[in-house]
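Chemist: Have a look at this prediction, sequence included:
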Amino acid sequence: MRNCCLGCLALFLAFVIFVLILLSLSGLVQIPLLSRLLSGNGPDPSRVVALEPVDSKYFENFFKNAAEAHQTQIIVSENNLSYLINDFANKENNILIAEDKRTKGSQVALEDGYAELFYKPLSPRTALTIKIIPTSTGFKTQKIKIGKLRVPVFAANFLFSRFLDFSSMSNSSGVKSIKLEKGKVVIEIDPAFFKGENSGEAPVPFIPQ
């Protein structure tokens, strides 16, 4: 009986230690000594993208102007896109937080054939890192990390298959395809979709507003 109790206690302690290690790697909870040892100062993006400011109507005007010029292709730089993503992250956190204390550093790094989204929430020692790759019909997630903890990708891929499918996007948003290249994203559009009476209201599903 005693050996059984000791065995159960050992299993319980092992489970607690395992959970503490996962929490420390994620950065969601700061655990004295363990968090510093496993996570350090938190995760970093693969490379830092310089932000180029644009106004909140950037994409609305961009798509509309491209349609009026009969363009079927538009190019968005990672610098502009990162600025909007970082601005969106700050707006999510800024209601009760002073400007100088808001978490910054959210961005997207675009490479040939994949993108790395680095999203910083309020906690300075964690971040959501998602590696996104194109498929024949849309996009899928290749890797997700919370802090420095790698997590399964099936949930994200389910959402991507629902909302970033090229065939459905073409019908609902005028976007025919999205190609990832070094430092930029190339978007094929249907100009007619953005030239109608409500063109300024046309949704752009993958871009934060």
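Modeler: Perfect, I can see it now. Numbers count the residues shown, from 1 in each chain.

Chemist: Residue 30 versus residue 107, what's the distance?
Modeler: 24 Å (Cβ to Cβ, to the nearest Å). The way it works is simple: take the backbone N, C-alpha and C, and place the C-beta from them, glycine included.

Chemist: ranges for the helices of the chain?
Modeler: Secondary structure of the chain (DSSP state H): helices at 2-26, 34-39, 58-68, 78-93, 154-163, 166-173, 191-194.

Chemist: Tell me where the protein is predicted with low confidence.
Modeler: Counting by pLDDT under 70, the chain shows low-confidence ranges at 1-3, 92-103, 122-124, 159-173, 194-209.

Chemist: what does the domain assignment say about it?
Modeler: 2-39, 58-201 (automatic domain parsing).

Chemist: residue nearest the centroid of this protein?
Modeler: Closest to where the C-alpha atoms of the chain average out (Cα atoms, centre = their mean) is residue 117, at 4.0 Å.

Chemist: which residues does that residue contact?
Modeler: By Cβ atoms under 8 Å, 6 or more residues apart in numbering, residue 117 lies in contact with 85, 107, 108, 128, 129, 130, 132.

Chemist: now do 6 Å
Modeler: Residues near residue 117 by Cβ atoms under 6 Å, 6 or more residues apart in numbering: 108, 130.

Chemist: beta partners for it?
Modeler: residue 108, residue 130 (DSSP bridges).

Chemist: distance of it from residue 86?
Modeler: Counting by Cβ to Cβ, the gap from residue 117 to residue 86 is 11 Å.

Chemist: Run a quick neighbour tally on the closest residue to residue 181 other than its chain neighbours.
Modeler: With Cβ to Cβ, 6 or more residues apart in numbering as the criterion, residue 181 has its nearest non-adjacent residue at 5.7 Å, and that residue is residue 112. Neighbour count of residue 112, defined by other Cβ atoms under 10 Å: 9.
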